[in-house]
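Asks: Quick one, structure for this:
(one chain, ligands or ions: 1)
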Amino acid sequence: MGSIGGHTTTATADRRRRVLFFPLPYQGHINPMFQLAGLLHLRGFSVTVFHTDFNAPDKSRHPAYDFVPVPVRGCLPKGSSDALQVTVERILAVNRACEAPFRERLASLLAREDVACLVADAHLLTLLDVARGLGVPTLVLRTGSAACLRMFAAFPALCDKGYQPAQESQLETPVTELPPYRVRDLPSTTSACHGVISEVISRLVTAVTTSSGLILNTMDALECGELASLRRDFGVPVFDIGPLHMLSPAASSSLLLQDRGCLEWLDAQAPASVLYVSFGSLASMSAAELVETAWGIANSGYTFLWVLRPGLVRGSQTSEAAPPLPDGFDAATRGRGMVVSWAPQEEVLAHPAVGAFWTHCGWNSTLESLCAGVPVIARPCFGDQMGNARYVDHVWRTGLTLDGVLERGEVEAAVAALMAPGEPGDGLRRRARELESSAADCMTKDGSSCTNVDKLVDHILTL
Ligand code: UDP
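Replies: Residues are numbered from 1 along each chain as shown. Okay, the predicted model is just below:
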């Protein structure tokens, strides 16, 4: 039994065995992978991060790690107006482009180092296969929820039953095999690229079932039933060790520069008085939706912090600069709002001034809001976001969904519903605080997530 960084673990402290990490090069995948690396580094492992030259991490923030770049530039499909389509096509392209250079770099590293295992993103099946081919044990990090993974495993059967691809008229139909999903909560409803989505999902499930273990950024208090079902059906050890952003000492792995000035601005605001608005790193909206969003926020009369990411508006001329706001917005909101191009989100959500979060329901944002006890307005865009929103709205009951055509009056009403005293805001806030407290329990020394980190460390040492 050893003690590393204050944590007691059955692993020995002096082994310095090396764990290799390979994140999918997107913000929502990079963050949890670096958080996991930070956690395992704290438990005594050396860390090597393989990464693509597209969306490459900033090495200077992680001086204790080794980095191995793998070239993919020029091999990735260009952006298109369908964010889901381009994302899934890029996932397949990253696998193809990395295969040969990763094999070469991994073989050369194996000649020098004692490697315990590779932890790769669940979307990197080809690279997991390469590692196994070279005799390296593999673990998979799935950066979405357990519920989403269970739905992915059921996806081919759901398609056989006719749930997908779906007609507009079927959207409200309950998926009776998988409550609380409705057809509209499944991944490819609104997309023309059903075939490629099915392929990406099936590869992800294979990546999990052929690995030596599955790591999930979730916790028992949130997804007890879903985790039990994965343990029963997947046949591999499952380690739910979330929330990684709170358990890990990792430095920020943000690809964009976070504007920390907004934290000082929040310091000057009253408790629970600010609406935080952010749609993550990939979701996009039309120029007309931006106008409705802006006037909905302005007309609500509430104080807000809004992340207006470069590239947020589809088809905008400059993807480098933040999209322009409508004329008159500045004057209408003077003194009660701040707009930034990227925020230190975890710190923002943990700030006492933040009273609600309008989110696209990416899994990291969902988890970060739940763990901070912040209720949400859920407006999912694609992929797993609809399912996450369904759980927020229907299972955890910590938020309201804003669906349909985005219209300023609806936005204003949703903001008021969450921010104003009384119901439904009070009930949502109460539930969010209860879940925050359950999440904190999972992180105590004997809580499920901490216990599972110990089990994961022991498991790695047996591989
Ligand atoms: N994030 C951030 N600053 C922002 C907005 C988002 O640091 O202004 C982080 C956020 O904390 C989360 C990640 O970016 O960890 C987004 O991941 P998520 O799964 O929520 O959405 P995605 O970007 O993958 O759609």
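
Asks: does the ligand sit close to the biggest helix by length in the chain?
Replies: The helix spanning the most residues in the chain, taking DSSP state H as the definition, is helix 83-110. No: Helix 83-110 lies apart from the ligand when judged by CB under 6 Å from any ligand atom; the minimum separation is 9.1 Å. For the C-beta atoms, the positions are set from N, CA and C on the backbone; glycine is no exception.

Asks: Now do the same for the closest residue to the ligand within the stretch 301-450 of the chain: its pLDDT.
Replies: Using CB to the nearest ligand atom, Gly362 is the residue of the stretch 301-450 of the chain that sits closest to the ligand, at 2.3 Å. Here the pLDDT value assigned to Gly362 is 98.

Asks: For the one helix or strand Cys450 maps to, enumerate the helices and strands it packs against.
Replies: Under the criterion of DSSP states H and E, Cys450 resides in helix 448-462. Counting contacts by 3 or more CB pairs under 8 Å, 6 or more residues apart in numbering; DSSP states H and E, helix 448-462 is packed against strand 7-9, helix 27-42, strand 115-121, helix 220-234, strand 238-240, helix 244-247, helix 425-442.

Asks: if you average pLDDT over the fifth one, what comes out?
Replies: When pLDDT is averaged over strand 238-240, the result is 98.

Asks: and if you look at the second one?
Replies: Taken as a whole, helix 27-42 carries a mean pLDDT of 97.

Asks: can you tell if that helix touches the ligand?
Replies: Yes: part of helix 27-42 sits near the ligand under the criterion CB under 6 Å from any ligand atom, namely 27-28, 31.

Asks: any weak-confidence spans in the stretch 301-450 of the chain?
Replies: Scanning the stretch 301-450 of the chain for pLDDT under 70 picks out 316-320.

Asks: ok, which residues in this protein are in contact with the ligand?
Replies: 26-28, 31, 254, 258, 278, 280-283, 307, 342-343, 345-346, 362-365, 368.

Asks: Okay, and which of these map to strands?
Replies: If you go by DSSP state E, the residues of the chain next to the ligand have 278, 307 in strands.

Asks: Mark which of the residues of the chain next to the ligand are buried, thanks.
Replies: 26-28, 31, 254, 258, 278, 280-283, 307, 342-343, 345-346, 362-365, 368 (16 or more other CB atoms under 10 Å).

Asks: ok, back up a step: show residues contacting the helix holding Cys450.
Replies: Outside helix 448-462, the residues within contact range by CB atoms under 8 Å, 6 or more residues apart in numbering are 7, 9-11, 15, 17, 19, 39-40, 43, 45, 116-117, 139, 212-213, 215, 219-221, 237, 239-243, 247, 442-444.

Asks: hey, C-alpha coordinates of that helix in PDB?
Replies: This file holds the C-alpha atoms of helix 448-462, laid out as PDB (Å, rounded to 0.1, in the frame of the first residue of the first chain):
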ATOM      1  CA  SER A 448     -18.000   5.400  -5.600                       C
ATOM      2  CA  SER A 449     -15.800   7.500  -7.800                       C
ATOM      3  CA  CYS A 450     -12.800   7.600  -5.500                       C
ATOM      4  CA  THR A 451     -13.100   3.800  -4.900                       C
ATOM      5  CA  ASN A 452     -13.300   3.300  -8.600                       C
ATOM      6  CA  VAL A 453     -10.100   5.300  -9.200                       C
ATOM      7  CA  ASP A 454      -8.300   3.000  -6.800                       C
ATOM      8  CA  LYS A 455      -9.800   0.000  -8.700                       C
ATOM      9  CA  LEU A 456      -8.700   1.500 -12.000                       C
ATOM     10  CA  VAL A 457      -5.100   2.000 -10.700                       C
ATOM     11  CA  ASP A 458      -5.000  -1.600  -9.500                       C
ATOM     12  CA  HIS A 459      -6.500  -2.800 -12.800                       C
ATOM     13  CA  ILE A 460      -3.900  -1.000 -14.800                       C
ATOM     14  CA  LEU A 461      -1.200  -2.700 -12.800                       C
ATOM     15  CA  THR A 462      -2.600  -6.100 -13.600                       C
END
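
Asks: got the buried residues for it?
Replies: In helix 448-462, counting by 16+ other CB under 10 Å, buried: 448-457, 459-461.

Asks: Need the contact partners of stretch 364-374.
Replies: Looking at what lies outside stretch 364-374 - CB under 8 Å, 6+ apart - the contacts are 28, 31-32, 143, 145, 217-218, 222, 242-243, 245-246, 276, 278, 280, 345-346, 349-350, 354-357, 359, 375-376, 388, 391-392, 396, 398-399, 429, 432-433, 435-437, 439.

Asks: Just checking the distance from that stretch to the centre of its chain.
Replies: Computed by CA atoms, centre = their mean, to the nearest Å, the chain-centroid distance of stretch 364-374 equals 11 Å.

Asks: Just the CA trace of that stretch, in PDB.
Replies: C-alpha atoms of stretch 364-374 as PDB (Å, rounded to 0.1, in the frame of the first residue of the first chain):
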ATOM      1  CA  ASN A 364     -19.000  18.100 -20.000                       C
ATOM      2  CA  SER A 365     -21.200  21.100 -19.700                       C
ATOM      3  CA  THR A 366     -24.100  19.000 -18.400                       C
ATOM      4  CA  LEU A 367     -21.800  17.400 -15.800                       C
ATOM      5  CA  GLU A 368     -20.200  20.700 -14.800                       C
ATOM      6  CA  SER A 369     -23.600  22.300 -14.200                       C
ATOM      7  CA  LEU A 370     -24.900  19.300 -12.200                       C
ATOM      8  CA  CYS A 371     -21.800  19.300 -10.000                       C
ATOM      9  CA  ALA A 372     -22.000  23.000  -9.400                       C
ATOM     10  CA  GLY A 373     -25.700  22.800  -8.500                       C
ATOM     11  CA  VAL A 374     -26.700  25.200 -11.300                       C
END
